[in-house]
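**Student:** sequence-free structure coming up:
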């Protein structure tokens with residue numbers, strides 16, 4: 001299927017096969033991230049090799065990185081919670097609008113049929 005010059009693929013997966021989801025080419029960020037993963041692994045091996053052979057020590061001996069990552073993770077958790085809460089409030093507002101519309105339908109029906117004197121109308125108005 002072609003739309004505006006881009007090829008569109010349907011993304012489908014099974015929740016039981018995580019490997020298929022991770023290594024999928026369409027609908028995944030893995031092909032874009034994979035070069036960075038390879039670079040990170042190679043850099044880690046180089047730093048470990050240099051340290052093990054006593055050439056140079058490029059490791060960090062402070063916990064600043066861990067505290068910074070903790071700050072980032074907490075920010076992401078708070079952001080995710082806010083997004084979930086905003087979605088909840090949006091759907092709560094939509095549900096309130098539905099209830100209001102249903103109540104107004106009942107009120108309008110009652111007003112418009114108030115002068116009707118059939119037995120079914122009288123029974124409905126009770």
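**Tutor:** Arrived safely, thanks for sending. Here the structure is a predicted model, which is why all the values come from computation and not from measurement. Numbering: from 1, shown residues only.
**Student:** quick one, longest helix in this structure?
**Tutor:** If you go by DSSP state H, the chain has its longest helix at helix 64-112.
**Student:** tell me the mean pLDDT for it?
**Tutor:** Regarding helix 64-112, the rounded mean pLDDT is 92.
**Student:** residue 104 and residue 116, how far apart?
**Tutor:** 19 Å (CB to CB, to the nearest Å). Quick note: C-beta positions are derived from backbone N, CA and C, even for glycine.
**Student:** sorry, slip of the keys, the one I care about is residue 80.
**Tutor:** 54 Å.
**Student:** neighbours of residue 47, how many?
**Tutor:** Applying other CB atoms under 10 Å, we find 14 residues neighbouring residue 47.
**Student:** find the nearest non-adjacent residue to it, please.
**Tutor:** Excluding its sequence neighbours, the residue lying closest to residue 47 (CB to CB, 6 or more residues apart in numbering) is residue 58, at 4.8 Å.
**Student:** still on that earlier bit, name the helices or strands packed onto the longest helix of the chain?
**Tutor:** Using 3 or more CB pairs under 8 Å, 6 or more residues apart in numbering; DSSP states H and E, no helix or strand is in contact with helix 64-112.
**Student:** next one: the helix or strand following it to chain centre, how far?
**Tutor:** Next along the chain after helix 64-112, taking DSSP states H and E as the criterion, comes helix 119-125. What separates the centre of helix 119-125 from the centre of its chain is 50 Å, taken as CA atoms, centre = their mean, to the nearest Å.
**Student:** on the three-state scheme, residue 15 is what?
**Tutor:** With DSSP: H, G, I helix; E, B strand; the rest coil as the basis, residue 15 sits in coil.
**Student:** alright, I will stop here.
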